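> could you look at this predicted model? Sequence included:
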Amino acid sequence: HINDSGKADLPFLNINRGLADYRSVQYVFMKYALMNDDTLKSLPLKMYEDISGKKFIKKRFLSYIDGKPGFNTIVIDFKLRYYELIDRNSERMYNIVNLGELLRMNDSVFYRAVNNKIILIGDYYERDIHQTLFGKMSGTLILLNVYFTLLNGENLISFGLFLLLFVGFFLISFELFSDKSLGERKVVAKYTRKKFGKFILKILSYVIYLAVLSILTYLIFNIHLNILILAVYLKSIHSFLKYLRERKNKTDKIETEEKNDN
């Protein structure tokens, strides 16, 4: 874990280890960093590297797994939910065993029980419980779902994903720098004649566009995009460009009036 001074509290034994901390927004788990400060690898990442033999490398703003580009900070799609873990009638059966019962097993039974299995030790019910977008979930279960994300390659940047994002951001960039506003286009104008349509166009246009782009990336590539920061950024750029255009138009108008007077 990272202590209050910003340094890592390492286990007292010199063992293979990884960082278990995560970032939260208003105490809600939102996304997970595979590597922190370019040096501290997370526990799920270390687990993935040791089991798969593939290596994660972070170079400034770019990250690679086994030579393939990927995201370092990812939004998790929870493959295993909390209700599935505790539901004995679930299609996927996971064995939750009290640690005391495990320690009381004789050696032969113990080795048969854990052979070729991944063992996750943690508190699934009381203290290590965290709020997520999918409800409350134990910290151990969050780390396991991060591992599943890596196992399925859902943090990798494929050519198809790159192409979709390129086309999506090209279109929105074209709209940003175009002299004609979105409301002036024929396709949009007929929907913005009423007050509600104008409100949607003015306030939520970029949010809706990015939400659609995010839904497409999730449905096709199972990757979540964090659209809030992008929406604020695009809205700020749009407002700044609008201010520059209005200022230029005002200057041109004054110069035209002065020429007419002369």
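Yep, it's here. These numbers were taken from a predicted model, which means no experiment stands behind them.
> quick one, strands of the stretch 1-150 of the chain?
Counting by DSSP state E, counting those that start in this stretch, the stretch 1-150 of the chain has strands at residues 23-25, 28-33, 35-36, 40-41, 56-59, 62-65, 68-70, 73-74, 129-132, 135-138.
> so which of those strands is nearest Val146?
Nearest to Val146 among those is strand 28-33 (5.2 Å), distances taken as C-beta to C-beta. Using the backbone N, CA and C atoms, a C-beta is placed for each residue, glycine as well.
> which strands or helices does that closest one pack on?
Packing partners of strand 28-33 (3 or more C-beta pairs under 8 Å, 6 or more residues apart in numbering; DSSP states H and E): strand 23-25, strand 73-74, strand 129-132, helix 139-151.
> ok, Ser42 - contacts?
Residues counted as contacts of Ser42 (C-beta atoms under 8 Å, 6 or more residues apart in numbering) are Gly18, Leu19, Ala20, Tyr32, Ala33, Leu34, Met35, Asn36, Val146.
> follow-up on the earlier one: what's the closest of the strands of the stretch 1-150 of the chain to Leu219?
Closest to Leu219 of the strands of the stretch 1-150 of the chain, according to C-beta to C-beta: strand 73-74, at 17.0 Å.
> picking up where we left off before, which of the contacts of Ser42 lies closest to Leu163?
Of all the contacts of Ser42, Leu163 sits closest to Leu34, with 24.1 Å by C-beta to C-beta.
> what sits against the closest one?
Lys41, Ser42, Pro44, Leu45, Phe56, Ser63, Asn72, Thr73, Ile74, Val146, Leu150, Asn155.
> so which of those comes closest to His224?
Ile74 (7.7 Å).
> who's the closest spatial neighbour of that closest one, skipping the chain neighbours?
Asn155 (4.8 Å; C-beta to C-beta, 6 or more residues apart in numbering).
> wait, isn't that neighbour in contact with Lys68?
No: between Asn155 and Lys68 there is no contact under C-beta atoms under 8 Å: 9.9 Å.
> so if I had to pick from those two, which one is more boxed in?
Remark: of Asn155 and Lys68, Asn155 carries more neighbours, 24 against 13, as counted by other C-beta atoms under 10 Å.
> distance of the more buried one from Gly70?
Going from Asn155 to Gly70 by C-beta to C-beta, to the nearest Å gives 5 Å.
> ok, Leu244 next?
The value you get for Leu244 to Gly70, if C-beta to C-beta is used, is 37 Å.
> and those two? Which one has more around it.
Set side by side, Leu244 and Gly70 show more neighbours around Gly70, with 20 against 10, by other C-beta under 10 Å.
> which strands and helices lie in contact with the longest helix belonging to the chain?
Ordering each helix of the chain by length in residues (DSSP state H) puts helix 227-261 first. Counting contacts by 3+ C-beta pairs under 8 Å, 6+ apart, helix 227-261 is packed against helix 159-177, helix 195-221.
> list the contacts for the nearest residue to Tyr125 once chain neighbours are set aside?
Leaving aside its chain neighbours, Tyr125 sits nearest to Ser138 (7.5 Å; criterion: C-beta to C-beta, 6+ apart). Applying C-beta under 8 Å, 6+ apart to Ser138 gives the contacts Tyr82, Gly122, Asp123, Tyr124, Tyr125, Asp128, Ile129, His130.
> if you set the cut-off to 10 Å instead, what comes out?
Residues in contact with Ser138 (C-beta atoms under 10 Å, 6 or more residues apart in numbering) are 82, 85, 120, 122-130, 144.
> that older thread, can I get the strands of the stretch 1-150 of the chain in JSON lines with distance to Val212 and mean pLDDT?
JSON lines is the format used below for the strands of the stretch 1-150 of the chain (distance: least, C-beta to C-beta, whole Å; pLDDT from 0 to 100):
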{"stretch": "strand 23-25", "distance to Val212": "23", "mean pLDDT": "74"}
{"stretch": "strand 28-33", "distance to Val212": "21", "mean pLDDT": "83"}
{"stretch": "strand 35-36", "distance to Val212": "31", "mean pLDDT": "86"}
{"stretch": "strand 40-41", "distance to Val212": "35", "mean pLDDT": "88"}
{"stretch": "strand 56-59", "distance to Val212": "30", "mean pLDDT": "88"}
{"stretch": "strand 62-65", "distance to Val212": "26", "mean pLDDT": "88"}
{"stretch": "strand 68-70", "distance to Val212": "24", "mean pLDDT": "90"}
{"stretch": "strand 73-74", "distance to Val212": "21", "mean pLDDT": "86"}
{"stretch": "strand 129-132", "distance to Val212": "24", "mean pLDDT": "84"}
{"stretch": "strand 135-138", "distance to Val212": "26", "mean pLDDT": "84"}
